[in-house]
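1. I'll drop the sequence and a predicted model, then ask my questions.
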Amino acid sequence: MTLDDQKKTARKAAFARRRGAFDAQGPGAGGLLSEVLAGYRGTPTAGFMPINTEIDPRPAMAEQAAHGPVGVPVIEAAATPLKFARWAPDTPMIEGAFKAQIPADITWMVPEIVIVPLVAFDRRGGRLGYGGGFYDRTLEGLRERGPVLAIGFAFGAQEAENLPLEPTDQPLDLIITEAEVITISRPA
């Protein structure tokens, strides 16, 4: 089985688990994300507008926006890094690429914290995304500029073992689910 086939199989299983977790979620799924971000008030932060069955980071993003800049991703073209547009809870939104909501009027910002959506994750900071490589290119570029905290935000049911990863996949620094905060330790 090729790596692409392995990724396709892993994504299919993860989407099914995510659907079940989405359907069963109770209120306050983003509570731990809010708690973690409270320690970073004022730090430029990028979140995401949830699509389909993704866990919703917007309540935590709204809290963060009361203290400093918050952005959401904008896809400008295939195979390019994401850019981030300023967002607040009352920002008028329009449909962008891949049906993701983006601000109607764009003011760019550069985040130091990136809340990353995902399809599956492992406890080593591995992340399986949708396959476009947008976050991998983005995190790589941001990390070349300086420190960036990459926080994977997902339902615990999206955890997997033995994810089919590539050397270009950018690791997460933290993973936050509705039930726990997973700190990734890396060798020094």
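-> Thanks, I have it. Residues are numbered from 1 along each chain as shown.
2. give the next helix or strand downstream of the longest helix seen in the chain.
-> For the chain, the helix reaching the highest residue count under DSSP state H is reported as helix 3-24. Counting by DSSP states H and E, the element after helix 3-24 in chain order, helix or strand, is helix 31-38.
3. got a list of contacts for that next one?
-> With contact meaning Cβ atoms under 8 Å, 6 or more residues apart in numbering, helix 31-38 is reached by 45, 57, 59-60, 63-64, 113, 115, 151, 153, 174, 176-181. All C-beta atoms are positioned from the backbone trio N, CA, C, and that covers glycine.
4. ok, now how distant is Arg86 from Gly129?
-> Summarising the geometry, the distance separating Arg86 from Gly129, computed by Cβ to Cβ, to the nearest Å, is 24 Å.
5. who has more neighbours, these two?
-> Counting neighbours by other Cβ atoms under 10 Å for Arg86 and for Gly129 shows that Gly129 has the greater number, 20 against 17.
6. hang on, the more buried one packs against Val119?
-> Yes: under the criterion of Cβ atoms under 8 Å, Gly129 makes contact with Val119 at 6.1 Å.
7. please enumerate the strands of this protein.
-> Using DSSP state E, the strands of the chain run over 45-46, 70-74, 83-86, 93-95, 101-103, 108-109, 113-116, 120-121, 127-128, 149-153, 174-176, 181-183.
8. buried subset of the contacts of helix 31-38 as a ChimeraX selection?
-> A single ChimeraX command is used to select the members of these judged buried by 16 or more other Cβ atoms under 10 Å:
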select :45,57,60,63,64,113,115,151,153,174,176,177,178
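9. for Ala85, list the residues it contacts.
-> If you count contacts by Cβ under 8 Å, 6+ apart, Ala85 has them with Gly71, Val72, Val74, Ile102, Pro103, Ile106, Thr107, Trp108, Met109.
10. just the residues you listed now: which is nearest Thr91?
-> Nearest to Thr91 among the contacts of Ala85: Pro103, at 5.0 Å, using Cβ to Cβ.
11. what's the distance between the closest one and Ala21?
-> Computed as Cβ to Cβ, the Pro103 to Ala21 distance reads 29 Å.
12. then Ile55?
-> 8 Å.
13. then Pro81?
-> Using Cβ to Cβ, one gets 29 Å for the distance from Pro81 to Ala21.
14. same question for Pro164.
-> With distances defined as Cβ to Cβ, the gap from Pro164 to Ala21 amounts to 21 Å.
15. give me the most central residue, this protein.
-> The central residue of the chain, meaning the one whose C-alpha is nearest the mean C-alpha position (Cα atoms, centre = their mean), is Val116 at 1.3 Å.
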